[in-house]
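Student: Test case, fold it:
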Amino acid sequence: MIKRTLGELKSYNAPGHFGMTAMRIHGKEETGAEKFWMGLSTFLPGGGAEYAYEDNPLEKVYYVLEGEMTVTDKAGTKYVIHQNESISFLPNEGRYLVNESNCPASMLVIINYPQ
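Tutor: Residues are numbered from 1 along each chain as shown. From the prediction side, this is the model:
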C-alpha cells in the first residue's frame, strides 16, 4: 500500500495554467508509482489550463470539490463539471479547462503516465 500525507504536498506551477494555485504529491518510487500524481488545484474566476497539444502522454481525472469548471474538448464541445462531478481524459486528448463562474473552484486532479 502506498501511504502519503498531506504534509508531502508541494506547490506546483503548471505550464499553460493561469489564475490558479496547485499542490501536488507523487507516488512512491519503489512501488513503480512515481508516474502517478495527485493534486489539489484552485482556479480563480477566469483561471484555467490549456492542454491543446497532441503529444501529451498524461491521463487525467478532474474531480470538482467546490464550484464548477468548464471543459472544452478538441471538437469544441463544452462540459460544465459541477461540485462532486468528475471528467476523465485519455492521453493526447486536447482540452481546455476554465473557471467561467464568478467564484473560485477547487479540484482534485489525478494524473497517470500510461505504461
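Student: just checking, next helix/strand downstream of the strand ranked longest in the chain?
Tutor: Scanning the chain for the strand with the most residues, using DSSP state E, yields strand 36-51. On the C-terminal side of strand 36-51, the closest following helix or strand by DSSP states H and E is strand 59-66.
Student: So what angle separates the directions of whatever helix or strand comes next after that following strand and strand 59-66?
Tutor: Next in sequence after strand 59-66, counting helices and strands by DSSP H and E, comes strand 68-73. Counting by axes from the mean of the first three to the mean of the last three CA atoms, to 10 degrees, strand 68-73 lies at 160 degrees to strand 59-66.
Student: on that earlier part again, gap between the longest strand of the chain and the chain center?
Tutor: Here strand 36-51 is found 5 Å from its chain centre; the criterion is CA atoms, centre = their mean, to the nearest Å.
Student: What strands line up against the lowest-mean-pLDDT helix or strand in the chain, and which way round?
Tutor: The least trusted helix or strand in the chain, going by mean pLDDT, DSSP states H and E, turns out to be strand 10-11, with a mean of 82. Applying DSSP bridges, strand 10-11 is found paired with strand 17-26 (antiparallel).
Student: contacting residues around His82?
Tutor: Val64, Glu68 (CB atoms under 8 Å, 6 or more residues apart in numbering). Backbone N, C-alpha and C define where each C-beta goes, glycine included.
Student: Repeat the analysis, applying 10 Å as the threshold.
Tutor: By CB atoms under 10 Å, 6 or more residues apart in numbering, His82 lies in contact with Val64, Gly67, Glu68, Met69, Ala105.
Student: Find the nearest non-adjacent residue to the second one, please.
Tutor: Counting by CB to CB, 6 or more residues apart in numbering, the nearest residue to Gly67 once its immediate chain neighbours are dropped is Ala105, at 3.1 Å.
Student: Do I have it right that that neighbour meets Met69?
Tutor: Yes: with contacts counted by CB atoms under 10 Å, Ala105 reaches Met69, the gap being 5.2 Å.
Student: Next, show the common contact partners of those two.
Tutor: Common neighbours of Ala105 and Met69, using CB under 10 Å, 6+ apart, are Ser41, Phe43, Gly47, Ile81, His82, Gln83, Leu97, Val98, Asn99.
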